[in-house]
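[1] below is the sequence, then the predicted model.
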Amino acid sequence: MAIVPNMPRSWRVETKPHKFCPGCGHGLVLKALGEAIDELDIQDRVVFGCDIGCSLLAWDFFNVDIVQTHHGRTTPVMTGIKRARPDRICIAYMGDGGGYAIGSQHLVNAATRNEKITAILVNNCNYGMTGGQMAPTTLPEMKTETTPYGRDVEETGYPTQGPEMVAAIAREGAYTARGTVANVRQLKNYLKKALQNQLEEKGFSFVEALSGCPTNWSTNAKATWAFLEENMTKYFKVGEVKVPVKEEE
Amino acid sequence: MVEKAITGEKRAFMTGNEAVAWAALAAEAEIMYGYPITPQNEIMHYWTRLAPKYGRKFLQTEDEISAGFTTCGGVLAGKRAFTATAGPGNILMQEAMSMAEMLRIPTVVVVQQRGGPSTATVIYSQQETTLTCFGGNGEGLRIVYSTSSHQELFDYTIKAFQIAWKYRFPTFVLGDGYQAKMRESLYLYNPEEKGIPLAEPYPFLGQEGRPGVEREPSHLRNTYNTEEELYQIISRYVEDYERMTPEVVEYQASDFEDAEIVLIAHGIVSRAARAAVKALRSEGLKVGYFRPITLRPFPVGKLREIAPKAKKLIVAESAQGQLFKLVQEALYGETVPLEPYFKPGLGITSEELVEFIMF
């Protein structure tokens, strides 16, 4: 007898298997998100927006309302929806290029305004869909299609540390954390807290998820996990960066 | 339910920007998203003063890209949402408007044209005609009303919401810096009292009921995998657009029956053109007048009816041939000569048009 895997209730089974490459981390991030949505029982209130890049492949992923927007513009679309319909739970889902490069002004300003939305950013150190170019998150010395001899930090700067940046900008009430697909339970907890923060209307919430890209890293399973768990976590520290101060009893 | 901003009819003397803010209130617009740029700023200034009194909302965004996309978000959420911009801001706004075309999001954008290209002047021009009609990496599937007075700014801003939501194409009200900043008298009114229908918004996302259980989820995308898939979608949109065209196309035409010369202009220049035609007629010259009110879709039919009877058409505009190109395209195959009167970024008076035609 076939064993039916236990998938989140909010997933749309008709669109599975999903469209991401084998070994891609997006599926795990979206599994953690699906579980967080289920546990908070907010499926009928969620509006999910996805960016351009690999994240767009999530456009029919859930049994929630979804809009796939433009590169970097998911944050303003979700902001616009939230401002018009504050009773919706708005999630902006993007990659590192969308959030830290082309859409960085939107991320920064949404954080500054403490928009009551949740931004989830998948960091896999490169532009996946366009074929593996340097991203704001590409590690020093890392080879990509546009840094074939390795990222030279003298020329291109150091990788963006997103949650730390958002934490520095966002006011009290904001939630920021960095999780990893290497620890899905912890990632789910971060996502749940981020959504809880929006539900309680405390402020902006932002979770970066470290993720693997075996297709563009040209790595096998073992090397993918090694890069994710060893190389990436040296630069991108996993953990909560900013959490709202507990209100006094 | 939103509180009525205007009851009855009120005579007013105000700037065009103020007229737009009142029109948006009268049209029961629920939220404005905006970013400062001259000469549209006072639309935001009046809106931010008036909106809280009537339970309406405002968000000042980080740039026009965001203003365009948040406006898309507001509309997707089922609200009558709008924004306003000009010049370089209009360029940035085109990205969001191309998404609005693809997802058939009925956004309303008020454009108060300034000089171009680049930063140019903050004063006036008609140089955003091509951009507003055809901006974006697509087919220009949008509706563009070119206004010529404060009354029209008021009327067409109200209409823009209704038409946008009826046909689900992004809709623009194309004004200019003169109309924005001048004071002029107009009537403010409640459209419903005049039998003018209001837009009937509905949410594209975030409807009631559990998606996948009680209803199908809304899954909206602007990305397609195959050429054929995209071709099918665009062909359907073009069909919708062409079916809509006779219902929305608008123009003004006068004195053309016996006209030897027809003067063509849009927007505020059409006022100079109209006055010039009146003056020339009193001198005994057979001059006619044609003004497209909708630049997209363009009133091709009426122009093709008028043009062949004339010996010459003159196109006057505060741009280097942006209206001229629309006229040329509309008249393809006709042999009547077209004469340009181009003043890019510069205002045009009736006196200079009279002089141009007489001498």
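    Now that the structure is in, tell me what you want to look at. Quick caveat, the model's predicted, so the values are computed rather than measured.
[2] report whether stretch A:22-36 contacts chain B.
    No: Stretch A:22-36 lies out of reach of chain B by C-beta under 8 Å from any C-beta of the partner chain, never closer than 12.0 Å. All C-beta spots, glycine's among them, are computed from the backbone N, C-alpha and C.
[3] so stretch A:190-201, near chain B or not?
    No: on the criterion C-beta under 8 Å from any C-beta, stretch A:190-201 is out of touch with chain B, staying 14.2 Å away.
[4] swap in stretch A:46-61?
    Yes: under the criterion of C-beta under 8 Å from any C-beta, chain B is reached by stretch A:46-61 at A:47, A:52, A:56, A:59-60.
[5] just the helices in the chain please.
    If you meant another chain, say so; for now it's chain A. Using DSSP state H, the helices assigned to chain A run over residues A:26-40, A:74-84, A:96-97, A:104-112, A:153-156, A:162-169, A:184-199, A:214-217, A:221-226, A:233-235.
[6] correction: the question concerned chain B.
    B:16-26, B:41-50, B:64-76, B:87-103, B:129-134, B:150-167, B:177-181, B:227-248, B:269-282, B:300-306, B:322-330, B:350-358.
[7] now stretch B:8-28: buried residues?
    Using 16 or more other C-beta atoms under 10 Å in any protein chain shown as the test for burial, stretch B:8-28 gives B:12, B:14-28.
[8] what is the nearest of these to residue B:282?
    residue B:16 (29.6 Å; C-beta to C-beta).
[9] now the nearest residue to that closest one once chain neighbours are set aside: how far from residue B:126?
    Distance criterion C-beta to C-beta, 6 or more residues apart in numbering or on different chains; nearest residue to residue B:16, sequence neighbours excluded, is residue B:179 at 4.0 Å. Using C-beta to C-beta, to the nearest Å, residue B:179 is found at 11 Å from residue B:126.
[10] what touches both of those two?
    residue B:267 (C-beta atoms under 8 Å, 6 or more residues apart in numbering or on different chains).
[11] residue B:330: what's it in contact with?
    B:298-300, B:303-304.
[12] that older thread, which one of the buried residues of stretch B:8-28 is nearest chain A?
    residue B:28 (13.8 Å; C-beta to the nearest C-beta).
[13] avg pLDDT for stretch A:225-240?
    On average, the pLDDT along stretch A:225-240 is 98.
[14] how about stretch B:34-47?
    Stretch B:34-47 comes out at a mean pLDDT of 98.
[15] one more: stretch B:248-268?
    Rounded mean pLDDT across stretch B:248-268 is 97.
[16] and it, how far apart are its ends?
    Stretch B:248-268 stretches 20 Å from its first residue to its last (C-alpha to C-alpha, to the nearest Å).
[17] now do stretch B:174-186
    First-to-last residue span, stretch B:174-186, C-alpha to C-alpha: 18 Å.
[18] OK, contacts around the spatially closest residue to residue A:21 that is not a sequence neighbour?
    What sits nearest to residue A:21 in space, not counting adjacent residues and going by C-beta to C-beta, 6+ apart, is residue A:215, at 4.6 Å. Applying C-beta under 8 Å, 6+ apart to residue A:215 gives the contacts A:21, A:23-24, A:128, A:132.
[19] just for chain A, where's the confidence low?
    Within chain A, the ranges that satisfy pLDDT under 70 run A:1, A:246-249.
[20] apply 80 and report the result again.
    A:1-5, A:246-249 (pLDDT under 80).
[21] how much space between residue B:163 and chain A?
    Residue B:163 sits 21 Å away from chain A, going by C-beta to the nearest C-beta, to the nearest Å.
[22] quick check, that residue in contact with residue B:248.
    Yes: with contact defined as C-beta atoms under 8 Å, residue B:163 reaches residue B:248; the gap is 6.0 Å.
[23] of the two, which one has the most company?
    residue B:163 (22 against 19; other C-beta atoms under 10 Å in any protein chain shown).
[24] coming back round to it: let me have the contacts of residue B:330 in TSV, extended by distance to residue B:331.
    Below are the contacts of residue B:330 laid out as TSV (distance: C-beta to C-beta, whole Å):
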residue	distance to residue B:331
B:298	11
B:299	12
B:300	8
B:303	7
B:304	7
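[25] can I get the buried part of those residues as one PyMOL selection?
    To isolate the buried ones among the contacts of residue B:330 in PyMOL, judged by 16+ other C-beta under 10 Å, type:
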select buried, chain B and resi 298+299+300+303
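[26] which one of the contacts of residue B:330 sits closest to chain A?
    For the contacts of residue B:330, the nearest to chain A is residue B:298 (28.2 Å; C-beta to the nearest C-beta).
[27] tell me the phi and psi of the closest one?
    phi -90, psi 140 (degrees, to the nearest 10).
[28] so what's it up against?
    Counted by C-beta under 8 Å, 6+ apart, residue B:298 has contacts B:249, B:292, B:326, B:329-330.
[29] which of those residues sit farthest apart?
    Checking the contacts of residue B:298 with C-beta to C-beta, the most distant pair is B:249 and B:329, at 14.7 Å.
[30] neighbour count for those two, which is higher?
    residue B:249 (18 against 10).
[31] where does the prediction get shaky in chain B?
    Ranges of chain B meeting pLDDT under 80: B:1-3.
[32] before we move on, the earlier item: please indicate which of the residues of stretch A:46-61 next to chain B are buried?
    Buried among the residues of stretch A:46-61 next to chain B by 16+ other C-beta under 10 Å: A:47, A:52, A:56, A:59-60.
[33] for stretch A:176-190, give me every contacting residue.
    So stretch A:176-190 is contacted by A:25, A:28-29, A:31-33, A:35-36, A:162-164, A:166-167, A:170, A:191, A:193-194, A:205-212, A:225, A:228-229, A:232-233, A:236-243 (C-beta under 8 Å, 6+ apart).
[34] the same query, at a cut-off of 6 Å, please.
    A:25, A:28, A:32, A:35-36, A:163, A:166-167, A:206-211, A:228-229, A:238, A:240-242 (C-beta atoms under 6 Å, 6 or more residues apart in numbering or on different chains).
[35] what's near enough to touch residue B:144?
    Going by C-beta under 6 Å, 6+ apart, the list of residues near residue B:144 reads B:132-133, B:172, B:174, B:295-296.
[36] which bits of chain B sit near chain A?
    When proximity is defined by C-beta under 6 Å from any C-beta of the partner chain, chain B lies next to chain A at B:31, B:59, B:62, B:66, B:69-70, B:72-74, B:76-77, B:79, B:99, B:205-206, B:210-212, B:217-221, B:223.
[37] in chain A, what residue comes closest to chain B?
    residue A:80 (2.2 Å).
[38] name the nearest residue to that residue, sequence neighbours excluded.
    Closest residue to residue A:80 apart from its sequence neighbours, by C-beta to C-beta, 6+ apart: residue B:73 at 2.2 Å.
[39] got the residues of chain A near chain B?
    A:12, A:43-44, A:47, A:56, A:59-60, A:63-68, A:70, A:73, A:76-77, A:79-81, A:83-85, A:88, A:105-106, A:109.
[40] ok, 8 Å please
    So chain A meets chain B at A:12, A:43-45, A:47, A:52, A:56, A:59-60, A:62-70, A:73, A:76-85, A:88, A:105-106, A:108-109 (C-beta under 8 Å from any C-beta).
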